[in-house]
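>>> Quick one, fold the following:
(one chain, ligands or ions: 2)
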Amino acid sequence: MSKKPVRVAVTGAAGQIGYALLFRIASGEMLGKDQPVILQLLEIPDEKAQNALKGVIMELEDCAFPLLAGIEAHSDPMTAFKDTDYALLVGARPRGPGMERADLLAANAQIFTAQGKALNAVASRNVKVLVVGNPANTNAYIAMKSAPDLPAKNFTAMLRLDHNRAASQLAAKANFAVGDIKHLTVWGNHSPTMYADYRFATVDGKSVKDMINDQVWNKDVFLPTVGKRGAAIIAARGLSSAASAANAAIDHMRDWALGSNGEWVTMGVPSNGEYGIPAGIVFGFPVTTANGEYKIVEGLEIDAFSQECIDKTLAELQGEQDGVKHLL
Ligand SMILES: NC(=O)C1=CN([C@@H]2O[C@H](COP(=O)(O)OP(=O)(O)OC[C@H]3O[C@@H](n4cnc5c(N)ncnc54)[C@H](O)[C@@H]3O)[C@@H](O)[C@H]2O)C=CC1
Ligand SMILES: O=C([O-])CC(=O)C(=O)O
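Ligands and ions are numbered 1, 2, ... in the order given. Alright, predicted model coming up:
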């Protein structure tokens, strides 16, 4: 018997990430090749954006995806999020050259109070929320705080792009296949302060740290390369990363919904006090996922250098949160 369709809301659906994301969701890459989906697409109530959304919908129709059980266009989050099971909050202003993601807070924060309230009012009580719009951790925090009737744990931020970037840099450095790396993580904020940590990573049971054995490369090359990759892409493309961001969003939601088979993945999730991160801060952690739930990997040793990195990214997140207090 075929499965009942689930509802997937995507905001910013006519934007560049939206264009790289929707077709993959509709083809079953996110929730499985046996899971029908109804897409609930939100764009701003502006003629140009709504027209662009119509065009995207025409293309989705023209793909004749067997799993696409319905498509809706919306201009109001209160209708877009009705009964939604999954919400991918992508719609927000991207940064341009010379900006940091935190510079977007003023422009984007209000989007996430409104959308948090709408999710609180009309979404499925089990909705799984992924915030992609930047600054992603703090926007997820805002949405979570604006939705007091939904479980806080259901609000997550995207650090998977950073995780994937780190895996790729390590594979190139130590000459292994990128898909073979296990136990990698990225701690903290989706910003240049993030701490990509390969101390526990292995390939075929061998330690990646031992294979590389170069703390200077870690500190002076690897961490800045991963941390500033978004800016490097903006400098090269004139636009922020879109296909790789969409791919990371698919990875994040797929693993959350379908499980990571014991493997670590990185998700930005509200802390419960793990590793000394104050409760409620949306922080990148190593997690494993099973049965639609994630679990933070606990008990890892944090050495002095790692603690310094974690403290730095935490301080930045606390500063961002202080800056949005008046909205909550
Ligand atoms: N967390 C991450 O790893 C990444 C995050 N991003 C962020 O994702 C966001 C979207 O990026 P792009 O798709 O490249 O931008 P874009 O400008 O191409 O598209 C954004 C779309 O969102 C729409 N939008 C704006 N406000 C909205 C609202 N209140 N409700 C619904 N739709 C709304 C716009 O009309 C536009 O069509 C940006 O904030 C960007 O910085 C981008 C890459 C990676
Ligand atoms: O850097 C940006 O502004 C877009 C983004 O978040 C990324 O590519 O990591």
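
>>> May I have the phi/psi pair for residue 104?
phi -90, psi -10 (degrees, to the nearest 10).

>>> what does residue 156 give?
Dihedral angles (degrees, to the nearest 10) for residue 156: phi -130, psi 160.

>>> Was I right to think it contacts residue 269?
Yes. Residue 156 is within contact range of residue 269, at 5.3 Å (criterion: C-beta atoms under 8 Å). (Glycine included, C-beta is placed from N, CA and C.)

>>> what sits in contact with each of those two?
Common contact partners of residue 156 and residue 269 (C-beta atoms under 8 Å, 6 or more residues apart in numbering): 282, 294.

>>> just to confirm, which helix or strand has the residue of the stretch 51-200 of the chain found nearest ligand 1 in it?
Per C-beta to the nearest ligand atom, residue 91 is where the stretch 51-200 of the chain lies closest to ligand 1, at 2.6 Å. Applying DSSP states H and E as the criterion places residue 91 outside every helix and strand.

>>> List the contacts of it.
11-13, 15, 18, 42-44, 111, 133.

>>> of those residues, buried ones?
11-13, 15, 18, 42-43, 111, 133 (16 or more other C-beta atoms under 10 Å).

>>> how about those in JSON lines, adding distance to residue 249 and secondary structure?
Below are these laid out as JSON lines (distance: C-beta to C-beta, whole Å; DSSP: H, G, I helix; E, B strand; the rest coil):
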{"residue": "11", "distance to residue 249": "12", "secondary structure": "strand"}
{"residue": "12", "distance to residue 249": "11", "secondary structure": "coil"}
{"residue": "13", "distance to residue 249": "13", "secondary structure": "coil"}
{"residue": "15", "distance to residue 249": "12", "secondary structure": "coil"}
{"residue": "18", "distance to residue 249": "10", "secondary structure": "helix"}
{"residue": "42", "distance to residue 249": "15", "secondary structure": "strand"}
{"residue": "43", "distance to residue 249": "17", "secondary structure": "coil"}
{"residue": "111", "distance to residue 249": "17", "secondary structure": "helix"}
{"residue": "133", "distance to residue 249": "11", "secondary structure": "coil"}
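
>>> For burial, what's the neighbour tally of whichever residue of the stretch 1-150 of the chain sits closest to ligand 2?
Nearest to ligand 2 in the stretch 1-150 of the chain, going by C-beta to the nearest ligand atom, is residue 95, at a distance of 4.3 Å. When neighbours are defined as other C-beta atoms under 10 Å, residue 95 has 18 of them.

>>> ok, now residue 301?
Residue 301: 7 neighbours (other C-beta under 10 Å).

>>> Quick check: which ranges of the stretch 1-150 of the chain have low pLDDT?
Applying pLDDT under 70 to the stretch 1-150 of the chain picks out residues 1.

>>> Spell out which parts of it neighbour ligand 1.
Counting by C-beta under 6 Å from any ligand atom, the stretch 1-150 of the chain comes close to ligand 1 at 11-12, 14-18, 42-44, 49, 90-95, 111, 132-134, 136.

>>> 8 Å - rerun?
Selection of the stretch 1-150 of the chain residues close to ligand 1 by C-beta under 8 Å from any ligand atom yields 11-19, 42-44, 46, 49, 52, 77, 90-95, 101, 104, 108, 111, 114-115, 131-134, 136.

>>> where along the stretch 201-328 of the chain do the helices fall?
For the stretch 201-328 of the chain, the helices defined by DSSP state H, counting those that start in this stretch cover 208-212, 215-217, 223-227, 229-237, 243-258, 304-323.

>>> Which of these has the highest mean neighbour count?
helix 243-258 (a mean of 21; mean count of other C-beta atoms under 10 Å).

>>> got the contact list for the residue nearest to residue 2 when sequence neighbours are not counted?
Closest residue in space to residue 2, ignoring its immediate chain neighbours: residue 36 at 6.8 Å, by C-beta to C-beta, 6 or more residues apart in numbering. The contact partners of residue 36, by C-beta under 8 Å, 6+ apart, come to 2-6, 67-69.

>>> hmm, try it at 6 Å
Residue 36 makes contact with 5, 67, 69, according to C-beta atoms under 6 Å, 6 or more residues apart in numbering.
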